[in-house]
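*Asks:* Below are the sequence and a predicted model for it; my questions follow.
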Amino acid sequence: MQVLIVESEPGLAEVWASHLRRQGAAVTTALSQDAAVQVLQNEDVDVIVLDLVLEGGSAIAVADFASYRRPEARVVFVTNTSFFSDGSIFRHIPNACAFLPSATPPADLAAVVGHYGDTPPPLAQTDRS
């Protein structure tokens with residue numbers, strides 16, 4: 001599983017990354033919108049852990065670019081604000097799959113990412129003729 005963490009606070013990004021690496025994920029971190037876009041242009045990504053409030057750019061722009069460049073990537077939003085707490089993020093961002101508080105325990109965040117990063121096996125083709 002390839003994970004991109006987009007988080008302005010390097011210490012928090014590293015805590016999340018270490019938990020995900022223990023689960024066997026390959027993790028890349030980006031501290032800004034520009035850095036995240038560069039990763040999305042050059043690397044396959046299964047799940048993006050994306051802080052809704054980025055100091056360097058827009059999380060919505062990152063999610064939008066990901067839906068174009070990596071449409072299969074799922075986005076787990078994290079935030080320390082009440083913005084979008086009504087669940088409307090799922091109406092605005094088609095690749096959003098979860099919305100968690102930044103204070104979520106890292107092991108729980110890793111479990112959510114692991115859940116959405118698992119790719120189900122393709123369905124068997126059947127001949128219906």
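*Replies:* Received it, and whenever you're ready, just let me know what you need.

*Asks:* Please count neighbours and contacts with C-alpha atoms only from this point.
*Replies:* Will do.

*Asks:* For the nearest residue to L31 once chain neighbours are set aside, give me its contacts.
*Replies:* The spatial neighbour of L31 that comes closest, neighbours along the chain excluded (C-alpha to C-alpha, 6 or more residues apart in numbering), is S8 at 4.5 Å. Each residue near S8 by C-alpha atoms under 8 Å, 6 or more residues apart in numbering is listed here: A30, L31, S32, D51, L54, E55, G56.

*Asks:* among these, who's most crowded?
*Replies:* In terms of neighbour count, D51 stands highest of these at 27 neighbours, by other C-alpha atoms under 10 Å.

*Asks:* Give me the next element, helix or strand, following the helix or strand where A61 lies.
*Replies:* Element membership for A61 (DSSP states H and E) is helix 59-69. Later in the chain than helix 59-69, the nearest helix or strand by DSSP H and E is strand 74-79.

*Asks:* Give me the contacts around that following strand.
*Replies:* So strand 74-79 is contacted by 46-53, 63, 95-102, 113, 116-117 (C-alpha under 8 Å, 6+ apart).
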